[in-house]
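S.K.: need a structure here:
(2 chains)
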Amino acid sequence: MLFNRINLFRQEQGLSRKELAELVAVNPQTIGYLERGDYRPTVELALKLAQAFGVSVETLFALEPFPSLAEQLDRKAAKDIDHD
Amino acid sequence: MTETQPERIFRINLSPRTSKLLGCYALAAMHSWFLVKLGLPSESGGAELVVGLAAITGMLASIVFFVSTYGVIANAPDTALDERELAERNRAYFGAFKYLVLMTVAGGMIPELLAKLFNFELSVGVLKNFILLMFTTALVLPGFLIAWSDREEA
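M.R.: Have a look, this model is predicted:
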(Lines give C-alpha, C1' and ligand atoms only; values in the text may rest on other atoms or scores of the structure.)
Protein backbone atom coordinates (compact mmCIF):
# COMPACT_ATOMS: atom_id res chain seq x y z
CA MET A 1 0.00 0.00 0.00
CA LEU A 2 1.22 3.50 -0.84
CA PHE A 3 0.04 6.56 1.07
CA ASN A 4 0.39 10.15 -0.08
CA ARG A 5 -0.24 13.73 0.96
CA ILE A 6 -0.93 15.12 -2.51
CA ASN A 7 -4.33 16.50 -1.56
CA LEU A 8 -2.91 18.23 1.54
CA PHE A 9 -0.02 19.87 -0.32
CA ARG A 10 -2.20 20.80 -3.27
CA GLN A 11 -4.72 22.55 -1.05
CA GLU A 12 -1.99 24.20 1.00
CA GLN A 13 -0.49 25.66 -2.17
CA GLY A 14 -3.91 26.70 -3.46
CA LEU A 15 -3.66 24.64 -6.63
CA SER A 16 -6.60 23.13 -8.47
CA ARG A 17 -6.33 19.59 -9.80
CA LYS A 18 -6.11 21.00 -13.31
CA GLU A 19 -3.23 23.32 -12.38
CA LEU A 20 -1.29 20.55 -10.64
CA ALA A 21 -1.98 18.24 -13.59
CA GLU A 22 -0.50 20.82 -15.94
CA LEU A 23 2.59 21.15 -13.74
CA VAL A 24 3.30 17.42 -13.87
CA ALA A 25 1.92 16.82 -17.40
CA VAL A 26 -0.91 14.38 -16.66
CA ASN A 27 -4.67 14.34 -17.10
CA PRO A 28 -6.49 16.19 -14.22
CA GLN A 29 -8.43 12.97 -13.61
CA THR A 30 -5.15 11.23 -12.78
CA ILE A 31 -4.61 13.67 -9.89
CA GLY A 32 -7.99 12.57 -8.50
CA TYR A 33 -6.99 8.91 -8.81
CA LEU A 34 -3.68 9.63 -7.03
CA GLU A 35 -5.32 11.58 -4.20
CA ARG A 36 -7.81 8.79 -3.56
CA GLY A 37 -5.02 6.22 -3.61
CA ASP A 38 -6.61 4.46 -6.60
CA TYR A 39 -3.46 4.73 -8.67
CA ARG A 40 0.18 4.22 -7.70
CA PRO A 41 2.44 6.54 -9.68
CA THR A 42 5.70 5.60 -11.36
CA VAL A 43 8.94 6.90 -9.84
CA GLU A 44 9.04 9.56 -12.55
CA LEU A 45 5.61 10.95 -11.68
CA ALA A 46 6.31 10.75 -7.93
CA LEU A 47 9.50 12.77 -8.45
CA LYS A 48 7.66 15.31 -10.62
CA LEU A 49 4.96 15.73 -7.96
CA ALA A 50 7.52 16.15 -5.19
CA GLN A 51 9.35 18.69 -7.33
CA ALA A 52 6.12 20.58 -8.02
CA PHE A 53 5.51 20.93 -4.27
CA GLY A 54 9.19 21.58 -3.48
CA VAL A 55 9.42 18.67 -1.04
CA SER A 56 11.17 15.30 -0.97
CA VAL A 57 9.44 12.18 -2.26
CA GLU A 58 9.46 10.73 1.29
CA THR A 59 7.51 13.75 2.51
CA LEU A 60 4.87 13.20 -0.14
CA PHE A 61 4.70 9.40 -0.24
CA ALA A 62 5.02 6.72 2.43
CA LEU A 63 4.49 3.00 2.85
CA GLU A 64 2.85 3.56 6.26
CA PRO A 65 -0.18 5.80 6.85
CA PHE A 66 0.77 9.38 7.69
CA PRO A 67 0.05 10.38 11.31
CA SER A 68 -2.97 12.65 11.72
CA LEU A 69 -2.51 16.32 12.59
CA ALA A 70 -3.73 15.65 16.16
CA GLU A 71 -1.13 12.89 16.60
CA GLN A 72 1.62 15.14 15.28
CA LEU A 73 0.63 17.97 17.64
CA ASP A 74 0.50 15.53 20.58
CA ARG A 75 4.00 14.27 19.77
CA LYS A 76 5.31 17.84 19.43
CA ALA A 77 3.74 18.84 22.74
CA ALA A 78 5.26 15.77 24.44
CA LYS A 79 8.69 16.64 23.02
CA ASP A 80 8.37 20.25 24.20
CA ILE A 81 7.50 19.06 27.71
CA ASP A 82 10.54 16.71 27.70
CA HIS A 83 12.83 19.59 26.69
CA ASP A 84 11.46 21.77 29.50
CA MET B 1 1.10 14.21 -21.98
CA THR B 2 -2.42 15.08 -21.01
CA GLU B 3 -5.81 14.60 -22.66
CA THR B 4 -6.30 13.34 -26.20
CA GLN B 5 -6.01 16.38 -28.44
CA PRO B 6 -9.61 17.11 -29.47
CA GLU B 7 -8.60 19.56 -32.19
CA ARG B 8 -6.61 16.87 -34.02
CA ILE B 9 -8.74 13.80 -33.34
CA PHE B 10 -12.44 13.90 -34.23
CA ARG B 11 -14.57 12.44 -31.48
CA ILE B 12 -18.09 12.53 -30.08
CA ASN B 13 -17.85 13.47 -26.42
CA LEU B 14 -19.83 11.08 -24.25
CA SER B 15 -19.96 10.78 -20.46
CA PRO B 16 -18.78 7.50 -18.87
CA ARG B 17 -22.43 6.62 -18.12
CA THR B 18 -23.62 7.20 -21.71
CA SER B 19 -20.59 5.32 -23.04
CA LYS B 20 -21.33 2.35 -20.80
CA LEU B 21 -24.97 2.29 -21.96
CA LEU B 22 -24.04 2.63 -25.62
CA GLY B 23 -21.34 -0.05 -25.34
CA CYS B 24 -23.73 -2.40 -23.52
CA TYR B 25 -26.34 -1.90 -26.22
CA ALA B 26 -23.86 -2.43 -29.08
CA LEU B 27 -22.45 -5.64 -27.59
CA ALA B 28 -25.81 -7.03 -26.47
CA ALA B 29 -27.50 -6.27 -29.81
CA MET B 30 -24.74 -7.89 -31.86
CA HIS B 31 -24.43 -10.96 -29.64
CA SER B 32 -28.18 -11.52 -29.47
CA TRP B 33 -28.44 -11.02 -33.24
CA PHE B 34 -25.85 -13.73 -33.82
CA LEU B 35 -27.26 -16.19 -31.29
CA VAL B 36 -30.91 -15.73 -32.30
CA LYS B 37 -30.06 -15.96 -35.99
CA LEU B 38 -28.11 -19.15 -35.33
CA GLY B 39 -31.19 -20.92 -34.02
CA LEU B 40 -33.68 -19.23 -36.31
CA PRO B 41 -35.18 -21.21 -39.20
CA SER B 42 -34.54 -19.39 -42.48
CA GLU B 43 -37.21 -17.03 -43.80
CA SER B 44 -39.12 -16.62 -40.57
CA GLY B 45 -40.45 -13.14 -41.40
CA GLY B 46 -41.11 -11.13 -38.22
CA ALA B 47 -38.31 -12.60 -36.10
CA GLU B 48 -35.86 -12.09 -38.94
CA LEU B 49 -36.88 -8.43 -39.10
CA VAL B 50 -36.35 -7.95 -35.34
CA VAL B 51 -32.87 -9.51 -35.32
CA GLY B 52 -32.05 -7.60 -38.51
CA LEU B 53 -32.96 -4.35 -36.76
CA ALA B 54 -30.88 -5.38 -33.73
CA ALA B 55 -27.91 -6.00 -36.05
CA ILE B 56 -28.24 -2.65 -37.85
CA THR B 57 -28.67 -0.62 -34.66
CA GLY B 58 -25.91 -2.66 -32.98
CA MET B 59 -23.52 -1.90 -35.84
CA LEU B 60 -24.42 1.79 -35.79
CA ALA B 61 -23.95 1.90 -32.01
CA SER B 62 -20.55 0.19 -32.43
CA ILE B 63 -19.43 2.80 -34.98
CA VAL B 64 -20.67 5.70 -32.82
CA PHE B 65 -18.91 4.18 -29.80
CA PHE B 66 -15.69 3.79 -31.80
CA VAL B 67 -15.59 7.52 -32.67
CA SER B 68 -16.70 8.62 -29.19
CA THR B 69 -14.58 9.50 -26.13
CA TYR B 70 -13.56 6.00 -25.01
CA GLY B 71 -13.21 4.57 -28.49
CA VAL B 72 -10.78 7.39 -29.28
CA ILE B 73 -8.87 6.89 -26.00
CA ALA B 74 -8.54 3.18 -26.84
CA ASN B 75 -6.94 4.08 -30.18
CA ALA B 76 -5.13 7.33 -29.34
CA PRO B 77 -1.36 7.56 -29.85
CA ASP B 78 0.69 6.83 -26.69
CA THR B 79 1.89 10.44 -26.53
CA ALA B 80 -1.70 11.65 -26.08
CA LEU B 81 -2.19 9.63 -22.86
CA ASP B 82 -0.61 9.86 -19.43
CA GLU B 83 0.88 6.88 -17.57
CA ARG B 84 -2.38 5.98 -15.77
CA GLU B 85 -4.38 6.07 -19.00
CA LEU B 86 -1.75 3.94 -20.73
CA ALA B 87 -1.87 1.40 -17.90
CA GLU B 88 -5.67 1.31 -18.07
CA ARG B 89 -5.59 0.91 -21.82
CA ASN B 90 -3.13 -1.98 -21.52
CA ARG B 91 -5.46 -3.67 -19.06
CA ALA B 92 -8.47 -3.07 -21.32
CA TYR B 93 -6.70 -4.48 -24.39
CA PHE B 94 -5.59 -7.54 -22.43
CA GLY B 95 -9.17 -8.07 -21.24
CA ALA B 96 -10.49 -7.65 -24.80
CA PHE B 97 -7.84 -10.03 -26.12
CA LYS B 98 -8.83 -12.72 -23.59
CA TYR B 99 -12.50 -12.33 -24.51
CA LEU B 100 -11.80 -12.54 -28.24
CA VAL B 101 -9.67 -15.67 -27.76
CA LEU B 102 -12.48 -17.23 -25.75
CA MET B 103 -14.97 -16.17 -28.40
CA THR B 104 -12.84 -17.70 -31.16
CA VAL B 105 -12.64 -20.98 -29.27
CA ALA B 106 -16.32 -21.03 -28.28
CA GLY B 107 -17.76 -19.66 -31.50
CA GLY B 108 -15.26 -20.84 -34.07
CA MET B 109 -13.60 -24.04 -33.01
CA ILE B 110 -16.28 -25.79 -30.93
CA PRO B 111 -19.00 -25.62 -33.67
CA GLU B 112 -16.39 -26.88 -36.14
CA LEU B 113 -15.65 -29.82 -33.87
CA LEU B 114 -19.36 -30.50 -33.27
CA ALA B 115 -19.99 -30.37 -37.01
CA LYS B 116 -17.32 -33.01 -37.56
CA LEU B 117 -18.57 -35.16 -34.70
CA PHE B 118 -22.25 -35.02 -35.61
CA ASN B 119 -21.71 -34.88 -39.33
CA PHE B 120 -23.30 -31.58 -40.34
CA GLU B 121 -21.97 -28.59 -42.20
CA LEU B 122 -21.64 -25.05 -40.88
CA SER B 123 -23.08 -22.63 -43.39
CA VAL B 124 -20.98 -19.84 -44.85
CA GLY B 125 -23.68 -17.39 -43.68
CA VAL B 126 -23.15 -18.39 -40.02
CA LEU B 127 -19.39 -17.94 -40.34
CA LYS B 128 -19.87 -14.54 -42.01
CA ASN B 129 -22.15 -13.50 -39.16
CA PHE B 130 -19.59 -14.73 -36.66
CA ILE B 131 -16.82 -12.70 -38.30
CA LEU B 132 -19.03 -9.61 -38.23
CA LEU B 133 -19.75 -10.22 -34.54
CA MET B 134 -16.03 -10.55 -33.81
CA PHE B 135 -15.29 -7.39 -35.77
CA THR B 136 -17.85 -5.24 -33.93
CA THR B 137 -16.80 -6.75 -30.58
CA ALA B 138 -13.15 -5.92 -31.28
CA LEU B 139 -14.21 -2.41 -32.27
CA VAL B 140 -16.11 -1.72 -29.06
CA LEU B 141 -14.63 -3.88 -26.30
CA PRO B 142 -11.32 -2.08 -25.46
CA GLY B 143 -13.03 1.32 -25.13
CA PHE B 144 -15.96 -0.29 -23.32
CA LEU B 145 -13.63 -1.78 -20.69
CA ILE B 146 -11.88 1.59 -20.28
CA ALA B 147 -15.28 3.26 -19.76
CA TRP B 148 -16.12 0.75 -17.03
CA SER B 149 -12.82 1.32 -15.23
CA ASP B 150 -13.26 5.10 -15.39
CA ARG B 151 -14.75 7.13 -12.56
CA GLU B 152 -16.97 10.13 -12.97
CA GLU B 153 -15.25 12.95 -11.06
CA ALA B 154 -17.33 14.79 -8.49
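S.K.: For residue B:108, which residues are in contact?
M.R.: Contacts for residue B:108 (CB atoms under 8 Å, 6 or more residues apart in numbering or on different chains) come out as residue B:130. All C-beta atoms are positioned from the backbone trio N, CA, C, and that covers glycine.
S.K.: Could you check how far the residue nearest to residue B:130 when sequence neighbours are not counted is from chain A?
M.R.: Spatial nearest neighbour of residue B:130, chain neighbours left out: residue B:107 (5.4 Å); criterion: CB to CB, 6 or more residues apart in numbering or on different chains. Residue B:107 sits 35 Å away from chain A, taking CB to the nearest CB, to the nearest Å as the criterion.
S.K.: Can you give me the neighbour number for residue B:107?
M.R.: 21 (other CB atoms under 10 Å in any protein chain shown).
S.K.: pretty sure it is in contact with residue B:132, am I right?
M.R.: No: Residue B:107 is not in contact with residue B:132 according to CB atoms under 8 Å; the separation is 11.7 Å.
S.K.: Show me which residues of chain A are close to chain B?
M.R.: A:21-22, A:25-30, A:32-33, A:38-39, A:41-42, A:44-45 (CB under 8 Å from any CB of the partner chain).
S.K.: Could you list every helix and strand in contact with the one helix or strand residue A:45 maps to?
M.R.: According to DSSP states H and E, residue A:45 maps onto helix A:43-53. Packing contacts for helix A:43-53, counted by 3 or more CB pairs under 8 Å, 6 or more residues apart in numbering or on different chains; DSSP states H and E, involve helix A:6-12, helix A:17-24, helix A:57-60.
S.K.: and the angle from the second one to helix A:43-53?
M.R.: Relative orientation of helix A:17-24 with respect to helix A:43-53: 110 degrees, computed using axes from the mean of the first three to the mean of the last three CA atoms, to 10 degrees.
S.K.: So what touches helix A:17-24?
M.R.: Contacts for helix A:17-24 (CB under 8 Å, 6+ apart): A:6, A:10, A:15, A:27-28, A:30-32, A:35, A:45, A:48-49, A:52, B:2.
S.K.: now those residues as CSV including pLDDT, neighbour count and distance to residue B:93?
M.R.: Shown next, in CSV, are the contacts of helix A:17-24 (pLDDT from 0 to 100; neighbours: other CB atoms under 10 Å in any protein chain shown; distance: CB to CB, whole Å):
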residue, pLDDT, neighbour count, distance to residue B:93
A:6, 95, 23, 28
A:10, 96, 20, 32
A:15, 95, 17, 33
A:27, 92, 21, 19
A:28, 92, 17, 24
A:30, 94, 24, 19
A:31, 96, 26, 24
A:32, 94, 18, 23
A:35, 94, 18, 27
A:45, 96, 19, 22
A:48, 96, 16, 26
A:49, 96, 24, 27
A:52, 95, 19, 31
B:2, 44, 18, 21
